[in-house]
Structure formats: C-alpha cells, structure tokens
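1. What shape does this take:
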Amino acid sequence: MEKDSEMKASIPGSRQLNLKKSFKRALHSLLTACSKEEFCKAFPSFTAAEHARLHRLFIQVINSLHEDIEEEFESICLETQAAAVLDSVEELVEEHSLDPLLSEKSNVEATAQNLSEAKKNEIHYLTGMLQKAEEQKRDISARLELLKREKHDFSGAENLLAELRTGILNYENGHSTRITNT
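-> Numbers count the residues shown, from 1 in each chain. As a prediction, the model looks like this:
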C-alpha cells in the first residue's frame, strides 16, 4: 500500500504534465520566434562571418535563458506546491466523474431547498401584507361609521342653524321695521 501511494506521489498527474508541457511549448515559441534571416536583417552592416558568430552567440544566450527560465519555473512550482494542488484537483475531478449524479443531485437538492425557503419567505410576507390590509380595512370601516354618525349628528345641527338664521332674519326684519317706523 505504501509503495502504491509513493508511486502515485512520484508519478505526475495529467494536469501537472499538461501544465509543464504547455509552459515548455510557450517558452519555446517565445524564444525561437526570431529566424536567422530576421536576426541578420537586424544587423545589416555586419559581414556574413560576423552574422554567423553573432547568431551562434545569440543561440547560446537563448539556450541558457531557456534553461534558467525552466529551472525558475520548476522552483516556483515546488515552492507553491503546484503539483500537490493539481493532483488534488485531479483526484476531486475523478471522484465526481465516478458519480455523475453527485453534482446533479446536490444541485437539485440545493435548488429545492432554496426554492422552498423562498416560498416560505413569500408566504410569510404575503401573510403580513394580508394582515395589514385587514387592519386598514377595519380602520377605514370604523372611520366611515364615525363619519356617518357625525353626519346624522350634524343634520340636527343643520336644522338648528337654519332655525337660528330664520330667527335672526325675522328679528332683524322686525327690528329694522321698528327703526324705520320710529
């Protein structure tokens, strides 16, 4: 068992291999982007022999740079434990792909739970709104009744006011008649 886990730890996973291959391809294409003809065009005043020596020196610098960058990349991968992280990711992906219903099942359950919670909240909100509407209806009905009663109360007052006006007018008419007669 220990040998199996040691072998798994020493054998890089497909994600780790893909990362390294992709990095090397990208680096290679960047460092070999300049052809010999393009290189020679950059130094038009040099002779063919000078071009050849300078190009060989350029190739040596590029190769050295390539090695240094690869070593730095490997160092960064070791420092950040990229291999272990990529292996963990690969392991999780494999676990989920063994049970394809696992992700769908949890999504369905989570969706059902969220929907249920949303419906409960909506019912609670609508119940509160219904209670408020019923309270407002009771308040409006009570005010309407009060206004109806006050209107009946005022109808008697209106009659009283009409009688007072008539009495005042009669008094004024009778009083003004006396003043003009005297």
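
2. Residue nearest the middle of this protein, spatially speaking?
-> Centroid check for the chain by CA atoms, centre = their mean gives residue 114 as the closest residue, at 16.5 Å.

3. For residue 125, see how far away that one is.
-> 16 Å (CB to CB, to the nearest Å). C-beta: built from backbone N, CA, C; applies to glycine.

4. What is the longest helix of the protein by residue count?
-> helix 100-181 (DSSP state H).

5. Tell me where the chain is predicted with low confidence.
-> Where the chain drops to pLDDT under 70, the residues are 1-12, 98-106, 151-157, 175-182.

6. how much space between residue 73 and residue 137?
-> 75 Å.

7. Please apply the same query to residue 165.
-> Residue 165 is 40 Å from residue 137, by CB to CB.

8. Could you do residue 47 as well?
-> 104 Å.

9. Give me the neighbour count for residue 118.
-> 10 (other CB atoms under 10 Å).

10. can you tell me the helix or strand for residue 44?
-> Counting by DSSP states H and E, residue 44 is held by no secondary-structure element, helix or strand.

11. Run a quick neighbour tally on it.
-> 7.

12. Ok, residue 84 next?
-> Applying other CB under 10 Å, I find that residue 84 has 13 neighbouring residues.

13. same deal with residue 109?
-> Residue 109 has 10 nearby residues by other CB under 10 Å.

14. and it, what is it in contact with?
-> By CB atoms under 8 Å, 6 or more residues apart in numbering, the contact set of residue 109 is empty.

15. Could you tell me how far it is located from residue 115?
-> Residue 109 is 11 Å from residue 115, by CB to CB.

16. next one: residue 82
-> 40 Å.

17. So for the two, which residue has more residues nearby?
-> Legend: neighbour count by other CB under 10 Å for residue 82 and residue 115, higher for residue 82 (17 against 10).

18. Find the residue closest to residue 16 in space, skipping its chain neighbours.
-> residue 86 (4.7 Å; CB to CB, 6 or more residues apart in numbering).

19. Can you report how many residues lie near the one you found?
-> Neighbours around residue 86, by other CB under 10 Å: 19.

20. swap in residue 34?
-> Residue 34 has 13 nearby residues by other CB under 10 Å.

21. Could you do residue 62 as well?
-> 14.

22. for residue 27, same thing?
-> 15.

23. Quick check: the gap between the residue nearest to it when sequence neighbours are not counted and residue 79.
-> In this structure, residue 27 finds its nearest non-sequential neighbour in residue 69, 5.9 Å apart by CB to CB, 6+ apart. For residue 69, the distance to residue 79 equals 15 Å [CB to CB].

24. Next: residue 138.
-> 73 Å.

25. ditto for residue 18
-> 20 Å.

26. Kindly report the same for residue 32.
-> 28 Å.

27. With that, I have no additional questions.
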